[in-house]
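Participant: pasting the structure only:
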């Protein structure tokens, strides 16, 4: 497997973070340069969880943010730090356990073989969303947004709203991520920027897992911001 760096935006993640890191498969670990935990101003013991994980897996490095700056800001920090490593691929893995680190041995070689620059894990591609506990309103809203997004970006994706994102080094170096949102629409802006720059964007299916994790996303505000991204793309703002 090609060298990769994982970063984990973590906010109030003391209950889930260690398990997420422990789930990184053995066959991926030799290829990992670092696992960067971006503690985004958590008020719980997220830092302690990261330090405990580092005892079992020394490639884990804790990065502390003094105040909560938002999901997009944490991802931007993770990308900046990942580019300081020799990784050829960069992985954003969420701290709440929704997305599967077990897929890394499949996803990274797929990117290398097919020349993919941004690869998103889709909860809808293999029909796992409803079975995995995704609320019906999210399934319906996601389908409507995805139809609009496909027409906007000229793709045939099934899910633009999964946070399981993998970047080639070229994408991480090319996309001006420090100019993008600090909110949850950051990932959609990444796709918009990638398409505007002629980078290859694709998806692979992932299992859907909705448990009792706390969401910090306002769905109405998020939907409005997604519409704004599409409008800005149509206006050429991401070129």
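Facilitator: Thanks, I have it. The structure presented is a predicted model; accordingly, all values stated were derived computationally and were not measured.
Participant: could you list the low-pLDDT ranges of the chain?
Facilitator: Under the criterion of pLDDT under 70, the regions of the chain flagged as low confidence span 128-135, 137, 210-215.
Participant: show me what the longest helix belonging to it is packed up against.
Facilitator: Taking residue count as the measure and DSSP state H as the definition, the longest helix of the chain comes out as helix 136-153. When contacts are defined as 3 or more C-beta pairs under 8 Å, 6 or more residues apart in numbering; DSSP states H and E, helix 136-153 packs onto helix 186-196, helix 219-234. Bear in mind the C-beta positions are built from the backbone N, C-alpha and C, glycine included.
Participant: partners of whichever helix or strand comes after it in the sheet?
Facilitator: As assigned by DSSP states H and E, the chain's next helix or strand after helix 136-153 is strand 165-168. Applying DSSP bridges, strand 165-168 is found paired with strand 89-92 (antiparallel), strand 118-122 (antiparallel).
Participant: packing partners for the longest strand belonging to the chain?
Facilitator: Using DSSP state E, we find that the single longest strand of the chain is strand 32-40. Strand 32-40 sits against strand 4-10, helix 46-56, strand 60-65, helix 71-82, with contacts defined as 3+ C-beta pairs under 8 Å, 6+ apart.
Participant: what's the offset of it from the middle of its chain?
Facilitator: Its chain's C-alpha centre and that of strand 32-40 lie 13 Å apart, by C-alpha atoms, centre = their mean, to the nearest Å.
Participant: what angle sits between that strand and strand 4-10?
Facilitator: Per axes from the mean of the first three to the mean of the last three C-alpha atoms, to 10 degrees, the angle that strand 32-40 makes with strand 4-10 is 10 degrees.
Participant: now strand 32-40: buried residues?
Facilitator: By 16 or more other C-beta atoms under 10 Å, the buried positions in strand 32-40 come out as 32, 33, 34, 35, 36, 37, 38, 39, 40.
Participant: who's in contact with it?
Facilitator: With contacts defined as C-beta atoms under 8 Å, 6 or more residues apart in numbering, strand 32-40 is touched by 3-11, 17, 21, 24, 46-47, 50, 53, 57, 59-65, 68-71, 73-75, 77-78, 81-82, 85-87, 95.
Participant: having no further points to raise, I will conclude here.
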